[in-house]
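Novice: structure for the following, please:
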Amino acid sequence: MICPHCEKSLLRKERPGNVCGKCGRGYALDPKTNPLRLNDLRVRRIAAGLTQDGELPCTPGQLWYALARKSLRDTQVEMGCAVVLTVFGGVAVFIALGAEVVAFGVVGGLLLLTALGFVVARVLGFGRGRPRLGRTAFRTGPLQEWQRVYGSLPPGVIDDSRYPSPGAHPAHGGADPAPAPGAPADGLVLVCPDRSVAVFLDAAGLPARYGLTLVADPAALLAAPGAGPVLVLHDADARGLLLVQRVRTAQPGRRVVDVGLPLGAVHGHARAVPVRGESPGPSVMAPLRNSGEFSRDQLTWLAKGWGFPLVGVPPAKLLAVVSRAVERAGAAADPQRRRAASVGFLTWPGESG
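Specialist: A predicted model of the protein is given here:
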């Protein structure tokens, strides 16, 4: 690996205890000792891309997905075992044929069958989409080690564990921000169950800019009364897609806007790398089937536990999409802005109102 300090190439024996044998400085991550094969330079490079060199915040959840994305494409079947089993199985069969020892033939056959099983499992993609290191383990493992060595998180990454729950919503640990000038009287509410994404939106200034209230669960809407629109931001998995229905049931007569992620934007797209979790139960899948919104292939995919997390959306793109959705919802809820739009106020010549 390359030392993140002196940038010299180091053999495994030249970096005992995560200390560079050439410059004597310690580093946080060694690709040989963590499941994601991370090193300090790669973490800094990925963090810089997510934050656009410090212009945007980034949370540990978003950093985790960006670092795990490559491994999510791969299977968890190591072909080295298959090679070893094939060699030993072939030798055993060869001995059995030459010496006519039945036991060697049986053992060799079993070893070859096991090796074939490894090959079949790899072809079928066994373990693909299963994180080799989960979000919680990433926080308590590589991130904790990074903080121990450098005294802080990677540049641009904010510590979302210090924030209150999204339902409480003090910005940056302070008091509730005042609504932005011109915000609808009833306010806007954004339901976002992913704490890491909610903290990112809060740190990016979205709630203060639009007078937006963040809540983590539909039940928390009872603490945010009003008639303003409710926007729902969710993962593109079975439970996330069902969240929109839950919010509409909890808020009858109130306008509910599905901000996404839309399943059609990620399902079947090569660049969208999904994550596979626990298979949802019948109580989750039945409402999705009855809605008629999803194809048979999509329902089968969801039933197997596949999905795409919000933290997988690049921060800049996520912020832009949510900002546009909030602006549209705010305009629809504001009578003055609706009247202005109907007459084409502040639009270019030739544009419709």
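
Novice: low-confidence stretches in the stretch 51-200 of the chain?
Specialist: Applying pLDDT under 70 to the predicted model, the residue ranges of the stretch 51-200 of the chain that meet it are 74-129, 163-186.

Novice: where along the stretch 151-300 of the chain do the strands fall?
Specialist: Taking DSSP state E, counting those that start in this stretch as the criterion, the stretch 151-300 of the chain carries its strands at 188-191, 212-215, 230-233, 256-260, 275-276.

Novice: turn those into CSV, columns for distance to P60 and mean neighbour count.
Specialist: From N, CA and C alone the C-beta is placed, and that goes for glycine too. Conversion of the strands of the stretch 151-300 of the chain to CSV gives the following (distance: least, C-beta to C-beta, whole Å; neighbours: other C-beta atoms under 10 Å):
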stretch, distance to P60, mean neighbour count
strand 188-191, 21, 26
strand 212-215, 18, 24
strand 230-233, 18, 24
strand 256-260, 22, 20
strand 275-276, 16, 20
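
Novice: so how far is M1 from A250?
Specialist: For A250, the distance to M1 equals 51 Å [C-beta to C-beta, to the nearest Å].

Novice: so which of the two has more stuff around it?
Specialist: Neighbours were tallied for A250 and for M1 using other C-beta atoms under 10 Å; the higher tally belongs to M1 (21 against 17).

Novice: which ones are touching the more buried one?
Specialist: S9, L10, R15, D30, P31, K32, N39 (C-beta atoms under 8 Å, 6 or more residues apart in numbering).

Novice: burial measure for the last one, as a count.
Specialist: This points to N39. Using other C-beta under 10 Å, N39 has 20 neighbouring residues.

Novice: that one is in contact with T33, isn't it?
Specialist: No: in terms of C-beta atoms under 8 Å, N39 does not count as a neighbour of T33; the distance is 10.4 Å.

Novice: so which bits of stretch 58-70 are buried?
Specialist: Under the neighbour-count criterion of 16 or more other C-beta atoms under 10 Å, stretch 58-70 has C58, T59, P60, G61, Q62, L63, W64, Y65, A66, L67, A68 buried.

Novice: between the residues you listed, which is closest to P218?
Specialist: G61 (21.2 Å; C-beta to C-beta).

Novice: in space, what's closest to that closest one - neighbours in sequence excluded?
Specialist: Distances taken as C-beta to C-beta, 6 or more residues apart in numbering put S196 closest to G61, at 2.9 Å, once the chain neighbours are dropped.
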